[in-house]
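Asks: What follows is a predicted structure for the sequence shown.
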Amino acid sequence: MAATGSASWQPQEEGLKEICRLLEQQISPSYSADKSQIWQQLQHYSQFPDFNNYLVFILARAEGKSVEVRQAAGLLLKNNLRTAYKLMAPAHQQYIKSELLPCLGAADKHIRSTVGTIVTVVVQLGGILGWPELLQALVNCLDSNDLNHMEGAMDALSKICEDIPQVLDSDVPGLAERPINIFLPRLFQFFQSLHTSLRKLSLGSVNQYIMLMPSALYTSMDKYLQGLFILANDPAAEVRKLVCAAFVQLIEVRPSFLEPHLKNVIEYMLQVNKDTDDEVALEACEFWSAYCDAQLPPENLREYLPRLIPILLSNMVYADDDESLVDAEEDESLPDRDQDLKPRFHTSRFHGSDDAEDDDDDSFNVWNLRKCSAAALDVLSNVFGDEILPTLMPIIQAKLSASGDKSWKDREAAVLALGAIGEGCINGLYPHLSEIVAYLIPLLDDKFPLIRSISCWTLSRFSKYIVQDSGHQKGYEQFDTALMGLLRRILDTNKRVQEAACSAFATLEEEAAEELAPRLEIILQHLMCAFGKYQRQNLRIVYDAIGTLADAVGGELNQLVYLEILMPPLIAKWQQVSNSDKDLFPLLECFTSIAQALGTGFSQFAQPVFQRCINIIQTQQLAKVDPVSAGVQYDKEFIVCSLDLLSGLAEGLGSGIESLVSQSNLRDLLLQCCMDDASDVRQSAFALLGDLARVCPVHLHPRLSEFLDVAAKQLNTPKSKETISVANNACWAIGELAIKARQEISPIVLTVISCLVPILQHAEGLNKSLVENSAITLGRLAWVCPELVSQHMEHFMQSWCISLSTIRDDIEKEDAFRGLCAMVRANPSGALSSLVFMCKAIASWHEIRSEELHNEVCQVLHGYKLMLRNGAWDQCMSALEPPVKDKLSKYQI
């Protein structure tokens, strides 16, 4: 290739032809030879230092070549620069930049767009400072009045604003002001351009700065809002959509700017919420939820509800082109293709009171105007409650009573609306609950599948109240009718209905729990029948419904008549699915719930399940370093699900798992998992460590010190949600190991204490479960090594006692208080300054079940009463609130 380094770089004819030939083959659909061969050739050429110069030359100057070839050169250049730009010779960097700038105004739109993308990558890697000519070139193009130049510069600028907005809002040495100050006035000017593309690109660019709010935008907010109102009725839908997006973002981040104009904005949003373009209407519809989420005064919205609610309801009717209408025709006999399977997420095991909210797994469904309108109605019902019913119910009733096949979509939307307000308006709806349920039940058998499926969902939104009312005869009949209605729909022939019914049934199971026991046989028969006929996607939901059922009824499941229905199909599936098949995940999760529910009743199935989990973990750990000899690609989720199932076995079988553990290498595998670099693997590994410590500590013993060291390392100031969950489980596991290994844990006690104390001292901002587990583990360490821990007690007594006060009565809390008593015996003066807090912690017990611990606590209090002379004890008592004193009276002080 050409000599390098000269400022006037020129390509060699040979090389140029060769690269163009390869690019032509690469993009040609008719060229059927192996594309990977072409790729390898291009990779080979990219070893040459000036290969990227050829690419930019083809993009910028190969006038005789097709636009497609020039574009292909540009895209390859963009990808190469991502990895190679910083390593390139400055002369080559300079050559590429100097070739790109004149192309900003290229005659062909596709070339301009490709250049804009490459410019953004170069700025991302080299910064504005590394390309001083760029800003001037952009300004010249924007000011040129030549459409190609204006559009090309605007395209590049909009990509910079989208990908790296902060670079334009930074000080650049040698520039009097930040770049954003130079561009904003020009962007505002383009709001009024006659060219749609310039209005769209300029507005989109300014919108990128709402979150960052640079002072340049802050000070010209009036000008921005003025521009938005001018563009509000733009003939181009994509511009109107951006206007709506701006108002939605402003109400979320800077509502104060909109307050003076709020009436106008709301009026506008009502108007565009009915826009003929669905995307504009969708963007406008986001405004209502955003307004409520920003916790702005509801009264500003109240007067508009009678106009807003009918708009939302009419937008909740299925659009003719909604993809669900096509899906709804899918019969159960059609197998699912791989690309139809929605992604699934396994949540690692977590020991403690979980703060996490359940995220609806709607993230992969297409968001559209119908769903957004239903979500807005849901949010409004939670803000305004029953106030919306007088406007809403007449419309719902009118839609429900519309008869004939033509109006099925209206009936469907009315049922959706009922479900959407099921939470927020429950007080007003509750007196009519039996009428609502009586109305929904027949709809479960409607001839239109989408009415059947939405009726399942709406029924599930009321399931909590249906279960609540099942205490009396009429209420129980209603509960039973709903239950049987959903079971019938689980066996529907339509995939959409199967999915909705199974999900709705899982919700009902969670609410009903042990109420399901009398109906267990018929429930299992329906679920296992579905299990036999569902395709892969819906099969996952059946697994979930079976697992939820096991969690709900627990030991009730442990009866031969039920096991004979439940287990054979599951075992057959278990034998059929391979160790590298992702369909194994939901099956592992399902077995986890069943093992926990059956307890020792699971023993007869345990051996093959245990062994398979061990095999999966082993294979995956090998695949991580050597996928070829493992025969599978590494996927950590197999490890996480297997660890969680082993935890389920430990919890279910108790010490019965010991014989399985003793004949396996689980200990060494587990230690490896505790050191894994993936936080969810560590999280599940420490959960299993704690579970094994409870039931068979003897098998952990040979590597105890290593387990303790690794666990202690997780406690160093956890920051992210993931590392907090790991720390939480590690902390709990240390406590479980401590009470089994006793004195043997002494070498790490002080290390652990030094990590736990800061958690307790900064409890306000932290995860509740982590704080509780820290308090319990600190107590357990104090119980087994009181001499060591009590030396430091004045540093943590106060914050520790505050945390202990918030924990509910259980065995773990008893252990912590055994530690408290042991420490006070070892160092009574260490708690003197925190005595009031200690009394409050003791008073937090509803009742100490263990007589022995009750007596120990009595002794501690009496000890202090004797120790504190001359009115000091009375002074301490007078600092306590009356309810606390009442609680302490049972300790005879």
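Replies: Structure's in. What do you need?
Asks: CA atoms for contacts and neighbours, from now on please.
Replies: OK.
Asks: Pull out the buried positions in stretch 813-833.
Replies: 813-825, 827-832 (16 or more other CA atoms under 10 Å).
Asks: Restricted to helices, list the residues you listed.
Replies: Counted as lying in helices by DSSP state H, out of the buried residues of stretch 813-833, are 813-825.
Asks: mind listing the helices for the stretch 201-350 of the chain?
Replies: Here the stretch 201-350 of the chain has its helices, by DSSP state H, counting those that start in this stretch, at 215-219, 221-231, 237-253, 255-258, 262-272, 278-293, 299-302, 305-315, 323-327.
Asks: after the last one comes which helix or strand?
Replies: In this case it means helix 323-327. The helix or strand immediately downstream of helix 323-327 is helix 369-384, counting by DSSP states H and E.
Asks: outside of the helix or strand encompassing Gln468, which residues touch it?
Replies: Element membership for Gln468, per DSSP H and E: helix 463-468. By CA atoms under 8 Å, 6 or more residues apart in numbering, the list of residues contacting helix 463-468 from outside reads Gly475, Gln478, Phe479, Thr507, Leu508, Glu511, Ala512.
Asks: got the CA coordinates for that helix in PDB?
Replies: The C-alpha trace of helix 463-468 is given here as PDB (Å, rounded to 0.1, in the frame of the first residue of the first chain):
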ATOM      1  CA  SER A 463     -58.600 -11.500  43.100                       C
ATOM      2  CA  LYS A 464     -57.500 -10.100  46.400                       C
ATOM      3  CA  TYR A 465     -61.100  -9.000  47.200                       C
ATOM      4  CA  ILE A 466     -62.600 -12.100  45.800                       C
ATOM      5  CA  VAL A 467     -60.500 -14.100  48.200                       C
ATOM      6  CA  GLN A 468     -61.200 -11.700  51.100                       C
END
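Asks: Which residues belonging to it are considered buried?
Replies: Applying a neighbour-count criterion of 16+ other CA under 10 Å, one finds Ser463, Lys464, Tyr465, Ile466, Val467 buried in helix 463-468.
Asks: now swap in stretch 704-722 and tell me
Replies: Residues Leu704, Phe707, Leu708, Ala711, Ala712, Gln714, Leu715, Pro718 are the ones in stretch 704-722 that count as buried (16+ other CA under 10 Å).
Asks: any idea how far Ile251 is from the fifth one?
Replies: I take that to be Ala712. Relative to Ile251, Ala712 is positioned 45 Å away (CA to CA, to the nearest Å).
Asks: now Glu787
Replies: Applying CA to CA to Glu787 and Ile251 gives a distance of 58 Å.
Asks: what about those two, which has more around it?
Replies: More crowded of Glu787 and Ile251, by other CA atoms under 10 Å: Ile251, with 23 against 15.
Asks: quick one: contacts for the nearest residue to that one once chain neighbours are set aside?
Replies: In space, and not counting its chain neighbours, Ile251 is closest to Tyr291: 6.2 Å by CA to CA, 6 or more residues apart in numbering. Going by CA under 8 Å, 6+ apart, Tyr291 touches Val248, Ile251, Glu252.
Asks: for those residues, which one is nearest Pro173?
Replies: In terms of CA to CA, no member of these lies closer to Pro173 than Glu252, at 34.1 Å.
Asks: burial of that closest one, as a residue count?
Replies: The burial count for Glu252: 20, using other CA under 10 Å.
Asks: Pretty sure it sits against Gln295.
Replies: No: with contact defined as CA atoms under 8 Å, Glu252 does not count as touching Gln295 (9.5 Å).
Asks: Adding mean pLDDT and distance to Ser664, write the helices of the stretch 201-350 of the chain out as JSON lines.
Replies: Converted to JSON lines, these look like this (pLDDT from 0 to 100; distance: least, CA to CA, whole Å):
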{"stretch": "helix 215-219", "mean pLDDT": "96", "distance to Ser664": "64"}
{"stretch": "helix 221-231", "mean pLDDT": "96", "distance to Ser664": "68"}
{"stretch": "helix 237-253", "mean pLDDT": "97", "distance to Ser664": "55"}
{"stretch": "helix 255-258", "mean pLDDT": "93", "distance to Ser664": "61"}
{"stretch": "helix 262-272", "mean pLDDT": "96", "distance to Ser664": "65"}
{"stretch": "helix 278-293", "mean pLDDT": "95", "distance to Ser664": "53"}
{"stretch": "helix 299-302", "mean pLDDT": "94", "distance to Ser664": "65"}
{"stretch": "helix 305-315", "mean pLDDT": "97", "distance to Ser664": "60"}
{"stretch": "helix 323-327", "mean pLDDT": "79", "distance to Ser664": "48"}
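Asks: The helix or strand containing Ile541 packs against which elements?
Replies: Per DSSP H and E: Ile541 is located in helix 536-553. For helix 536-553, the packing partners by 3 or more CA pairs under 8 Å, 6 or more residues apart in numbering; DSSP states H and E come out as helix 495-512, helix 520-533, helix 584-598.
Asks: what about the nearest residue to Ala687 once chain neighbours are set aside, distance to Val383?
Replies: Counting by CA to CA, 6+ apart, Ala687 lies nearest to Asn729, which is 5.5 Å off, once chain neighbours are set aside. Distance, Asn729 to Val383, using CA to CA: 37 Å.
Asks: From the neighbour counts alone, determine which of the two ranks first.
Replies: Per other CA under 10 Å, whichever of Asn729 and Val383 has more neighbours is Asn729, with 31 against 17.
Asks: and that one, what pLDDT?
Replies: At Asn729, the pLDDT value in this model is 95.
Asks: And for His44?
Replies: Looking at His44, its pLDDT stands at 86.
Asks: Can you work out which other helices and strands pack against the helix or strand containing it?
Replies: Secondary structure from DSSP H and E places His44 in helix 35-45. Using 3+ CA pairs under 8 Å, 6+ apart, the elements in contact with helix 35-45 are helix 13-27.
Asks: which of the residues in the helix it packs on are buried?
Replies: Going by 16+ other CA under 10 Å, helix 13-27 has these buried residues: Leu16, Ile19, Cys20, Leu22, Leu23, Glu24, Gln25, Gln26.
Asks: is it true that the fifth one touches Leu75?
Replies: No: using CA under 8 Å as the test, Leu23 is too far from Leu75 to be in contact (10.9 Å).
Asks: Tell me the pLDDT of Gly765.
Replies: 75.
Asks: Give me the neighbour count for it.
Replies: By other CA under 10 Å, neighbour count at Gly765 equals 8.
Asks: again, but for Phe190
Replies: Count around Phe190 with other CA under 10 Å applied: 23.
Asks: what helix or strand does the closest residue in space to it that isn't next to it in sequence sit in?
Replies: Leaving aside its sequence neighbours, Phe190 sits nearest to Arg199 (CA to CA, 6+ apart; 5.6 Å). Using DSSP H and E, Arg199 sits in helix 196-207.
Asks: Now tell me what touches that helix from outside.
Replies: 150-151, 154-155, 157-158, 161-162, 184, 187-188, 190-193, 236, 238-239, 242-243, 245-246.
Asks: cool, stretch 438-455 as well?
Replies: Contacts of stretch 438-455 (CA under 8 Å, 6+ apart): 328-329, 408, 411-412, 415-416, 456, 459, 481-482, 485-486, 489, 494, 496-498, 500-501.
Asks: Please spell out the PyMOL selection for the buried subset of those.
Replies: For the buried members of those, the matching PyMOL selection, counting by 16+ other CA under 10 Å, is:
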select buried, resi 328+408+411+412+415+416+456+459+482+485+486+489+494+496+497+498+500+501
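Asks: Put the alpha carbons of stretch 122-130 into PDB.
Replies: This file holds the C-alpha atoms of stretch 122-130, laid out as PDB (Å, rounded to 0.1, in the frame of the first residue of the first chain):
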ATOM      1  CA  VAL A 122     -14.500  10.700  16.200                       C
ATOM      2  CA  VAL A 123     -15.800  13.300  18.600                       C
ATOM      3  CA  GLN A 124     -16.600  10.600  21.100                       C
ATOM      4  CA  LEU A 125     -13.000   9.300  20.900                       C
ATOM      5  CA  GLY A 126     -11.000  12.500  20.400                       C
ATOM      6  CA  GLY A 127     -13.300  15.100  22.000                       C
ATOM      7  CA  ILE A 128     -14.100  18.600  20.600                       C
ATOM      8  CA  LEU A 129     -10.600  19.800  21.500                       C
ATOM      9  CA  GLY A 130      -9.000  17.100  19.200                       C
END
